[in-house]
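Asks: Below is the sequence, then the predicted model.
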Amino acid sequence: MTTPDRGAAPLVLVEDLEVHFPVRKGLFGRTTDVVKAVDGVSFALERGRTLALVGESGSGKSTTGYAVMGMERPTGGRVVIDGVDRATMSEAQVREATRRMQIVFQDPASALDPRMRVGDCIAEPLRIHGIGTRASRRERVAELLELVGLPPGAATRLPREFSGGQRQRVVIARALALEPEVIVCDEAVSALDVSIQSQILNLLLALQERLSLAYLFISHDLSVVRHIADDVCVMQHGRIVEAGPVDTVFVAPAHAYTRALIEAVPRLERATRAP
Ligand SMILES: Nc1ncnc2c1ncn2[C@@H]1O[C@H](COP(=O)(O)OP(=O)(O)OP(=O)(O)O)[C@@H](O)[C@H]1O
């Protein structure tokens, strides 16, 4: 993507983003209501940084992530990728933005085609983008497997032969295939056991260090966010109620909703530990 001020602009800039959905209601769905999933959200994500979006279910985190990815069209505001507004991108710029930005979802089982060998899953984005020969793609798959801590032999096996954590490694390897600069992690470790969660979080941190990746990290789990993020935006009802460095927001939360989210963590842990 060519921009005059490339390097100066944040990698992702979100300004006054609105995603409103019309929802049919009433008898025979004759009237429409509007769900304001995202309602005036602004933030900047810089290269090599992790910005977390936290908030309870339905607060608009995923919809924000989808708008950043270009998977959901804003009804207001702007998503600017490296200085270029998504709304004004040419087809070639959209293709390039698609390459530079990848998304990892919660459930690795549904993200992988169960009939496809792991090597083919990882090579698929390269094939779709017409990158490399069969042989060079095979080499790249080997590199990517090593990068995410899987053995080379994994390439010829099927996803069902792997544990949940290993499958999420495969998903991450595929997301890395096109050398992205931003990865949107949408509850990327939420489906995993706690011990596996920390392995995947540590992998994400190591990959960030090595590849200067930026993460937009969507999670309802504050302890996970504290482990991985530099900055955090707390979302409620489609709006950001508080934002700042993780240490500031979690140590001295300014907003009552943030305090309630933080207070809910030990209560939940106590409840799950109770006999
Ligand atoms: N396509 C859609 N049509 C109508 N409403 C939608 C649509 N997508 C999301 N919503 C609504 O927008 C609101 C925000 O949803 P979103 O999934 O972004 O929240 P979230 O914070 O990611 O929550 P969760 O973690 O449960 O996914 C919710 O009320 C949801 O029901």
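Replies: Everything's here; your move. The shown structure was predicted, so the numbers you read here are calculated from the model rather than taken from an experiment.
Asks: what about the strands in the stretch 51-200 of the chain?
Replies: 76-81, 84-85, 101-104, 182-186 (DSSP state E, counting those that start in this stretch).
Asks: Looking at those, which is nearest to E15?
Replies: In this view, the strands of the stretch 51-200 of the chain are compared for proximity to E15 by CB to CB, and strand 76-81 is the closest at 4.7 Å. Just so you know, the C-beta spots here come from the backbone N, C-alpha and C atoms, and that holds for glycine as well.
Asks: CSV for the strands of the stretch 51-200 of the chain, including distance to G40, mean neighbour count and mean pLDDT?
Replies: Supplementary listing: those in CSV, determined by distance: least, CB to CB, whole Å; neighbours: other CB atoms under 10 Å; pLDDT from 0 to 100:
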stretch, distance to G40, mean neighbour count, mean pLDDT
strand 76-81, 7, 19, 98
strand 84-85, 17, 17, 96
strand 101-104, 22, 23, 96
strand 182-186, 20, 24, 98
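Asks: The ligand is nearest to which of those strands?
Replies: Within these, the stretch nearest the ligand is strand 182-186; the backing value is 7.6 Å (CB to the nearest ligand atom).
Asks: Let me have the strands of the stretch 51-200 of the chain in JSON lines, extended by distance to the ligand.
Replies: As requested, the strands of the stretch 51-200 of the chain are arranged in JSON lines below (distance: least, CB to the nearest ligand atom, whole Å):
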{"stretch": "strand 76-81", "distance to the ligand": "15"}
{"stretch": "strand 84-85", "distance to the ligand": "22"}
{"stretch": "strand 101-104", "distance to the ligand": "13"}
{"stretch": "strand 182-186", "distance to the ligand": "8"}
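Asks: And those: which comes nearest R239?
Replies: For R239, the closest of the strands of the stretch 51-200 of the chain is strand 76-81, at 12.2 Å, according to CB to CB.
Asks: what about the closest one, distance to the chain center?
Replies: Chain-centre distance of strand 76-81: 17 Å, with CA atoms, centre = their mean, to the nearest Å.
Asks: so what secondary structure elements neighbour it?
Replies: Where contact means 3 or more CB pairs under 8 Å, 6 or more residues apart in numbering; DSSP states H and E, strand 76-81 is packed against strand 12-25, strand 31-45.
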